[in-house]
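# Here you go, sequence then predicted model.
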Amino acid sequence: MSAPPAARPPRVARDKRAGVARWAPGVGVLRAYRREWLPQDLTAGVVLSALLVPQGMAYAELAGLPPITGLYATVVCLVAYAVFGPSPYLVLGPDSALGAMIAAVVLPLAAGDGSQAVALAGALALLVGLICTSAGVLKLGFVADLLSRPIRVGYLAGLAVTIFVGQLPKLLGFSVDAEGLLRELAATWQGLDQTNLYALAIGLVDLALILGLKRRRSRIPGVLAAVVVSILAVTVFDLTARGVQVVGTLPQGFPAPSFPAVGLSDLPFLLAASVGISLVAIGDTIANSAGFAARRGYQVDSNQELVGIGSANLLAGVFQGFPVSTSASRTAVAEQSGAKTQVTGLVAAAVVLSMMLFFPALVRNLPQPALAALVISASFTMFDLTELRRLFAMRRSEFALAVACALGVALVGVLGGIIIAVSLAIGQFFARAWRPYSAVLGQPAGVPGFHDLARYPDAAQIPGLLILRWDAPLFFANAGLFRDTVLQRLAAATSAPRLVLLAAEPITDVDTTAAKVLTDLDEDLNATGVHLAFAELKDPVKDKLVRYGLLETIDRRHFYPTLEVAVEAFAREAEGRQQEREPPR
């Protein structure tokens, strides 16, 4: 008997809840939240907020906008990603890589009008949000499949080097005006005579606290201890009078949501810029998400990552913010501080908002070298030397791929490094498919089945039969090599083969170019008394050969379900021919 009407609504409600959790993973996390996670999420959120405030203000200035807009963008993007983002660690916010791109678009259009610059930046964030969200809904997150383990390891290693070099001047107590890893290194070297020893002492003490407490697995978070100690040191010893730079008092207030008003004539420029910014944000987000997921042993939905970053940009656009992206350094800080779930982002947003509204002077004496120490210590965790060594020992080509990715990110930039690495990965895959491994098979004594003669040189071969395995799809790039390989193996055979039997299970596809090569090869072999046969060919591939008309050339009887069946059929035919040649008794 079916359930009465009164019993059905709970199931419908559960289905609706499941649908909400599908598009808003943070909702599902909150429903299943464990009380024991809260202390770690609270600690990580508080620690993270100390880093978010100065970085948000600095990156807003980099984008040519009032510093307060960086805090607006920080708060709303943290909330949006906590609801719609799938990763428990990923931290979104204003980003240095986007700052210069935003400034290059907004400042010329604003022509010195500060309020217009804010509106243009908001419109730009909305467009970026629409592009990213649409990409997620349309399931374009497959780009993450191109980011293999070596690429992820190399990407994070390159970021670690970039972050370390970028934070060195701040640790030493001065600033440099340079872009790019090599220029920053040169400018830092030239500015060493400007080193503030008090700033350096604070930074080194903080680094020792962070790394030392982590190594001892202390219950006291090293990052939080460093923040507290450095604020106390500045306050007690009046280090600002000795040239140590501090965060200072925060601007106060928070805006109401509003739609940015921009002219229609500005939209084409904003749209073109939003595409480029979206590519950087998407590439950065997916690479960071995949890298941290691989490090921590969990999986994330790349399409949902795009929805998460898209929603963050949409919300930033209506709260006087600007385009945001993922921050590897802030994500590493959250991870290192013990973050468990997306609640860390909510805590950080609440702390930053509270500071803006009620306690604008709370982190006034937080020294900039302490922030540098936090970021540098986080960069150490991103450089996975153990995994690089493992790649070097196991597969040199993948180690080279990781190094190329690291160098690309460090020397060319995040997007350029990702493009270089993905291009190399595609080239590496193409090279493997273009020149795949092939083997002649035989029957080793005491080992069931047919195996590679390179591994079993004493394996028996059946006279008149050449069994060849081709370990790749057959397509336009390797079809000629396949034909040459067959002919070379025939020429090298000890006895003249009458049948070339392809162990075709590894052949997962045959395109039209390869089909034409197979047809021509079979005709050429037939002219010399040799035939071509297939064993273990997958049905979808065989269906393609039928559509290509290949069975009009190759004998339909020369398709066998297994190698054993094919060898037995060949043996019967050979025996029949032998009997025909024997004279009657």
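Thanks, I have the structure now. Small disclaimer: the values here were computed from a predicted structure and weren't measured.

# domain ranges for this protein?
25-426, 438-581 (automatic domain parsing).

# Quick check: which of the ones you listed is nearest to Arg432?
Of all the domains of the chain, domain 438-581 sits nearest to Arg432, with 7.3 Å by C-beta to C-beta. Where you see a C-beta, it was placed from the backbone N, CA and C, and this is true even at glycine.

# how far out from the middle of the chain is that closest one?
How far domain 438-581 lies from its chain's middle: 40 Å, per C-alpha atoms, centre = their mean, to the nearest Å.

# same check, this time on stretch 288-304
Using C-alpha atoms, centre = their mean, the offset of stretch 288-304 from its chain centre is 8 Å.

# per-residue confidence averaged over it?
Here stretch 288-304 scores 79 as its mean pLDDT.

# Residues touching stretch 208-223, excluding its own?
With contacts defined as C-beta atoms under 8 Å, 6 or more residues apart in numbering, stretch 208-223 is touched by 43-44, 47, 225-226, 229, 333, 336-338, 373-374, 377, 380.

# 7 Å instead?
With C-beta atoms under 7 Å, 6 or more residues apart in numbering as the test, stretch 208-223 has contacts from Thr43, Val47, Ala225, Ala226, Val229, Val333, Gln336, Ser337, Gly338, Ala373, Leu374, Ser377.

# What are the neighbouring residues in contact with the residue nearest to Lys170 when sequence neighbours are not counted?
Distance criterion C-beta to C-beta, 6 or more residues apart in numbering; nearest residue to Lys170, sequence neighbours excluded, is Ala372 at 3.9 Å. Residues in contact with Ala372, defined by C-beta under 7 Å, 6+ apart, are Gln167, Lys170, Leu171, Gly203.

# Now that the third one has come up, it's in contact with Gly203, right?
Read that as Leu171. Yes: between Leu171 and Gly203 there is a contact under C-beta atoms under 7 Å: 4.1 Å.

# Now for Phe380, how many residues are close by?
Other residues near Phe380 number 17, with proximity taken as other C-beta atoms under 10 Å.

# okay if I get the domains of the chain as JSON lines plus distance to Arg432?
What follows is these, written out as JSON lines (distance: least, C-beta to C-beta, whole Å):
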{"stretch": "domain 25-426", "distance to Arg432": "9"}
{"stretch": "domain 438-581", "distance to Arg432": "7"}
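
# tell me the most buried of the ones you listed?
Mean neighbour count (mean count of other C-beta atoms under 10 Å) peaks for domain 25-426 among the domains of the chain, with a mean of 21.

# Confidence-wise, which of the domains of the chain is weakest overall?
domain 25-426 (a mean of 86).

# and the end-to-end length of it?
Domain 25-426 stretches 32 Å from its first residue to its last (C-alpha to C-alpha, to the nearest Å).

# Distance from the chain centre to it, please.
With C-alpha atoms, centre = their mean as the basis, domain 25-426 stands 16 Å off its chain's centre.

# and the residue nearest to Leu502 when sequence neighbours are not counted, helix, strand or coil?
Distance criterion C-beta to C-beta, 6+ apart; nearest residue to Leu502, sequence neighbours excluded, is Phe534 at 5.1 Å. The three-state label given to Phe534 by DSSP: H, G, I helix; E, B strand; the rest coil is strand.

# for Phe534, what are its contacts?
Leu502, Ala504, His558, Phe559 are the contacts of Phe534 under C-beta under 7 Å, 6+ apart.

# Mind picking the two most distant members of the residues you listed?
Among the contacts of Phe534, the pair separated by the greatest distance (C-beta to C-beta) is Ala504 and His558, at 11.3 Å.

# Asn288: what's its closest spatial neighbour, skipping adjacent residues?
Of all residues not flanking Asn288 in the chain, Thr326 sits nearest, at 4.6 Å (C-beta to C-beta, 6+ apart).

# Report the contact partners of that neighbour.
Thr326 sits next to Leu90, Leu92, Asp284, Thr285, Asn288 when contact means C-beta under 7 Å, 6+ apart.

# Among those, name the ones in helices.
Asp284, Thr285, Asn288 (DSSP state H).

# Specify the beta-bridge partners of the closest residue to the second one other than its chain neighbours.
Leaving out its chain neighbours, the residue that sits closest to Thr285 by C-beta to C-beta, 6+ apart is Thr326, at 4.4 Å. When bridges are called by DSSP bridges, Thr326 pairs up with Leu92.
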